[in-house]
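Visitor: I would like to see how this sequence folds:
(chains A and B)
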There are 2 protein chains.
Amino acid sequence: MPELRYDPIRLRWTIISTERGRRPHEYLVRREPAKADGCPFCYGNEHKTPPEVFYIGPPDREPNSPGWEVRVVPNKFPALKIEGELRREGMGLFDMVTGIGAHEVIIETPDHGRVMADRTPEEIQKVLLAYRERIRDLRKDSRFRYILIFKNYGAEAGASLSHPHSQLIATPIIPPVVVAELNSAREYYQRKERCIFCDLIKQELTLGDRIVWEDDDYLLWEPFASSFPFETWLLPKNHLHDFALLEDSDLYKLAKALKNMLLRIKILLKDPPYNMVLHTSPSTHLRPARPYYWSTITFDYHWHIELIPRITKIAGFEWGSGLYINPTPPEEATRYLREVEVPDV
Amino acid sequence: MPELRYDPIRLRWTIISTERGRRPHEYLVRREPAKADGCPFCYGNEHKTPPEVFYIGPPDREPNSPGWEVRVVPNKFPALKIEGELRREGMGLFDMVTGIGAHEVIIETPDHGRVMADRTPEEIQKVLLAYRERIRDLRKDSRFRYILIFKNYGAEAGASLSHPHSQLIATPIIPPVVVAELNSAREYYQRKERCIFCDLIKQELTLGDRIVWEDDDYLLWEPFASSFPFETWLLPKNHLHDFALLEDSDLYKLAKALKNMLLRIKILLKDPPYNMVLHTSPSTHLRPARPYYWSTITFDYHWHIELIPRITKIAGFEWGSGLYINPTPPEEATRYLREVEVPDV
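Guide: Take a look at the predicted model:
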């Protein structure tokens, strides 16, 4: 059984994931991305994954067979396990929580080589729709406090399979990076009755030198304190705490903005590896009188997407200090990203 | 001028390091470790580095010439700059501090291929002595709040040169990872009048299943909530907040323990890349009546060394959540590391 363990000195949780059971020599073998013909995410190989939990495609399709457009399956080697009771325990100085959670893979397209930046907004919209539906569904499970959706693109960014996919991990705690953002938004709102993200967007649109692109609904922003070169955030201009509240038509607009971001990064940095993460409000504090997927208590939060190209190394200084060294000021990154010619979609 | 910038949402500092001025295409060129004959850290190439600030070797040696055993030079491409005034400024939602600091390279040996694990304790002691002397010296500069010493071993761990070296960065803020550890120690001490590290060591020696090795003075420990497989801490058994207070004879004992740790990791994981970091008390709150290198206010801290082998990838989940997934429980890692046969030194 996996376990979440708390470090009493660093005040930090780690997932000890026994499911993969890795012995020393197993780390030394470089896992190659699976070849296209044997890829478990391609048509005809549906039996190579655990049974699907969601799909987009024809309603009369046989489950776990070809014909899908987007397919969601449990991860074959989950970091956390869905079965079991959530127990919190202590032992001396240490605290732990049983490793209950969900770990799913969103297979974004049947086309092995069709990376997200090159897909149509309609295709990307379907991936976002799968994100939303999985969040809404998993929020019914009261053991989960947070549902994090992320995408590792390229082996250097941690992807072990090259077929386009995103992942989802539901955790029995709210992850610390999210807690920090939630707390900032909460404190700011309590003091000013305004959203810190909304104020930030207003300030940045006025100053202008870190705005890569905008339309009526979204903007691409290089954070003032970008931890990595060309780190880029996609923010909705209108205040909304929860991604799962978006309508299908909102998702289409978002798909266009997302494609815009991915294309700029792909063209400027020659298709670099990247990590992308969706930050939305947590699953706690659901109000029974509202639809299950509302989480109204954190209305002061502001959902967004963060992307980091993996073109620099995280080394000893970053690890030991928690400080990042970014050699490209975000204002410079903005100028480069702005100049990229993106075909109108 | 480099700049430290504070993120008002993530509550985190980043160093924007303009000295290196990296444009998009420069990230795409893989920098190869320098060849031995042109290595700026080898004998005869002393002019290829900025002038040295410290060395160990014959007293009558000509500065910046061969003959040294350990040599410390400013980093040619420093993340922070030593010259200038420390200014703290705000702009709208943002805060910054001028990028004042020191960034030095500790060249550990003249022998290009002599990795630390294979050196004698006497040789390692001299490196530790250089660490201590640089900390003591840089603490005289009241602009610096913290001095972090770290080592990146192997290109995968971020080393851009293969000649054995460590680095030192002095920062005008206390880094957040250190702040978290200092606060834990402080709070625990205020409540119990005992050191949290000392209590942890006592508990772990009693339980035993995460102790890799011990002698009278030091122990090698796999943290209960290890963030990475085979993460290993080297802890002094006796309470001491500050590494810089160690005597030469203490450093010899430490060198033996450090060699023991490095050898176990090297043998078990086939010479993996790793990051190593020295955590000691900060430079603030010096008492004029005490020697300059004392920092007595944080006496509740407990210095130690942390090592992470870089055999797994940090990916989107870790970045977006702040949670780490470790597939090897520390108890298992302990068993493997214990079994490694280390020659008596």
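
Visitor: Skipping adjacent residues, who's closest to the residue of the stretch 51-200 of chain A found nearest chain B in space?
Guide: Of all residues in the stretch 51-200 of chain A, the one sitting closest to chain B is A:G158 (2.8 Å; Cβ to the nearest Cβ). Yep, even glycine has a C-beta here, placed from its N, CA and C like the rest. Take A:G158 and drop its neighbours on the chain: the residue closest to it by Cβ to Cβ, 6 or more residues apart in numbering or on different chains is B:A315, 2.8 Å away.

Visitor: Check what pLDDT that neighbour gets.
Guide: Here the pLDDT value assigned to B:A315 is 91.

Visitor: Next: the one 10 residues further on.
Guide: Model confidence at B:I325, given as pLDDT, is 93.

Visitor: for A:R186, same thing?
Guide: A:R186 is assigned 89 on the pLDDT scale.

Visitor: My guess is it contacts A:P282. True?
Guide: No - contact criterion Cβ atoms under 8 Å: A:R186 and A:P282 do not qualify, at 11.8 Å.

Visitor: For these two, work out which one has more neighbours and name it.
Guide: A:P282 (25 against 15; other Cβ atoms under 10 Å in any protein chain shown).

Visitor: The more buried one should be in a strand, yeah?
Guide: No - judged by DSSP: H, G, I helix; E, B strand; the rest coil, A:P282 forms no part of a strand; its state is coil.

Visitor: got the contact list for it?
Guide: If a contact means Cβ atoms under 8 Å, 6 or more residues apart in numbering or on different chains, then A:P282 has A:145-146, A:174, A:178, A:182, A:295, A:298 as its contacts.

Visitor: With distance to B:D199 and pLDDT as added columns, please give the residues you listed in TSV.
Guide: TSV is the format used below for the contacts of A:P282 (distance: Cβ to Cβ, whole Å; pLDDT from 0 to 100):
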residue	distance to B:D199	pLDDT
A:R145	29	89
A:Y146	31	93
A:I174	28	90
A:V178	31	92
A:L182	32	91
A:S295	39	47
A:T298	36	71
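
Visitor: distance of the residue of the stretch 51-200 of chain A closest to chain B from B:L245?
Guide: From A:G158 across to B:L245, the span is 41 Å (Cβ to Cβ, to the nearest Å).

Visitor: does A:E62 count as helix, strand or coil?
Guide: Here A:E62 is recorded as coil under three-state DSSP.

Visitor: Near it, how many other residues are there?
Guide: 9.

Visitor: Find the nearest non-adjacent residue to the residue of chain A positioned farthest from its centre, please.
Guide: Most distant from the centre of chain A: A:G92, at 34.8 Å, with distances by Cα atoms, centre = their mean. Leaving aside its sequence neighbours, A:G92 sits nearest to B:Q203 (Cβ to Cβ, 6+ apart; 4.7 Å).

Visitor: doesn't that neighbour fall inside a helix?
Guide: Yes - secondary structure of B:Q203 (three-state DSSP): part of a helix.

Visitor: if I pick the closest residue to A:L235 other than its chain neighbours, what's in contact with it?
Guide: Counting by Cβ to Cβ, 6+ apart, A:L235 lies nearest to A:H304, which is 4.7 Å off, once chain neighbours are set aside. When contacts are counted by Cβ under 8 Å, 6+ apart, A:H304 touches A:197, A:233-236, A:279.

Visitor: What backbone torsions are found at A:H304?
Guide: phi -170, psi 170 (degrees, to the nearest 10).

Visitor: what does A:T232 give?
Guide: phi -130, psi 130.

Visitor: how far away is it from B:E122?
Guide: A:T232 sits 50 Å away from B:E122, taking Cβ to Cβ as the criterion.
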